[in-house]
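In: Please find the sequence and the predicted model below.
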Amino acid sequence: MIAALIFYMFAALTVGSAVLVISARNPVNSVLFLILCFFNAAGLFLLLGAEFLAMVLVVVYVGAVAVLFLFVVMMLDINFLKLREGFLQYLPTGAVIGLVLLVELATLFGGWAFAPDVEALIRAPTPAVADVSNTEALGRVLYTNYAYLFQASGLVLLVAMVGTILLTLRRREGVRKQVIADQIARTAKNSVEIVKVPTGGGI
C-alpha cells in the first residue's frame, strides 16, 4: 500500500513537472522543472529496483545536462518576445504536423499486439538480488544482446563530437585565433626590437 502511494506521488510529480517544463514562460523555470522531473523519474526507478539507472539519471542528466541547459539559458541574452512574435504565423503548419503525428500514433497503438512468447518472458522467474546485482544485469544485457548497438551509439556520439569541433574551428575572415606553434617558435630575435635612443633626443 505504501509503495503504491509513493509510486502515484512520484508519477504525479513527474507528469506535472513535465507539463510545467513546456508551459512555463520563463526558460530558467522550465529547466528547474526539468530537474524536478528527472529527480521524480529517478524515484520511480528506485521503486522498480533499478538503483543504478536512478543514480545515472541523477548524476548524468541532473548533474550535467540540466545544469548545462541552465547555464546556457542564463548566459545567452535571448529576446523571447521576438521568438513568440511568429507563433500565430506558424500555428496552422504546426497544427497539421501535430495532427499527422497523432494519426500515426493512433494507428500504431491500434495495431499493437504482443508477441506469443512475451507472456512467458514476463512470468519467467527473475534472479535473486544476491545472485545478480542491478549493475551486473544491465552490463550483461548491454554487452551481450546489444553489444553492436552499444558500439554504434558510441560511434554516433563520436561523429557528433568531431562534427561539433569542425564546425566551431572553421576559418573565418576577420577572426584572430591562437596558434600555439607560432607562439612556441618565437624567439627574442624576431619578437623584441631594441631601439637605441640618444641622450636628450627623445624617441
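Out: Arrived safely.
In: Determine the number of other residues adjacent to Val31.
Out: Here the count is done by other CB atoms under 10 Å, and Val31 has 21 residues near it. For the C-beta atoms, the positions are set from N, CA and C on the backbone; glycine is no exception.
In: Look up how far Phe10 lies from it.
Out: Between Val31 and Phe10 the computed distance is 20 Å (CB to CB, to the nearest Å).
In: Just give me the neighbour total for the closest residue to Tyr143 other than its chain neighbours.
Out: Leaving aside its chain neighbours, Tyr143 sits nearest to Phe150 (6.9 Å; criterion: CB to CB, 6 or more residues apart in numbering). Taking other CB under 10 Å as the criterion, the count of residues near Phe150 is 14.
In: Then the one 4 residues further on?
Out: Counted by other CB under 10 Å, the residues lying close to Gly154 total 10.
In: hang on, the earlier thing: can you tell me how far the residue nearest to Tyr143 is from Thr164?
Out: For Phe150, the distance to Thr164 equals 22 Å [CB to CB].
In: Please give the element, helix or strand, for the residue nearest to Tyr143.
Out: Following DSSP states H and E, the helix or strand that holds Phe150 is helix 147-168.
In: so what secondary structure elements neighbour that helix?
Out: Other helices and strands packing on helix 147-168, by 3 or more CB pairs under 8 Å, 6 or more residues apart in numbering; DSSP states H and E, are absent; none qualifies.
In: which residues touch that helix?
Out: Contact partners of helix 147-168, identified using CB atoms under 8 Å, 6 or more residues apart in numbering, comprise 142-143.
In: which secondary element of the protein has the worst mean pLDDT?
Out: Lowest by mean pLDDT, DSSP states H and E among the helices and strands of the chain is helix 118-122, with a mean of 58.
In: Does anything pack onto the next helix or strand along the chain from that one? Which helices or strands?
Out: Once helix 118-122 ends, the next helix or strand along the chain (criterion: DSSP H and E) is helix 134-140. Secondary-structure packing of helix 134-140 (3+ CB pairs under 8 Å, 6+ apart): helix 51-56.
In: which parts of the helix or strand following the helix it packs on are buried?
Out: Using DSSP H and E, the helix or strand that follows helix 51-56 in sequence is helix 67-75. Across helix 67-75, burial judged by 16 or more other CB atoms under 10 Å covers 69-70.
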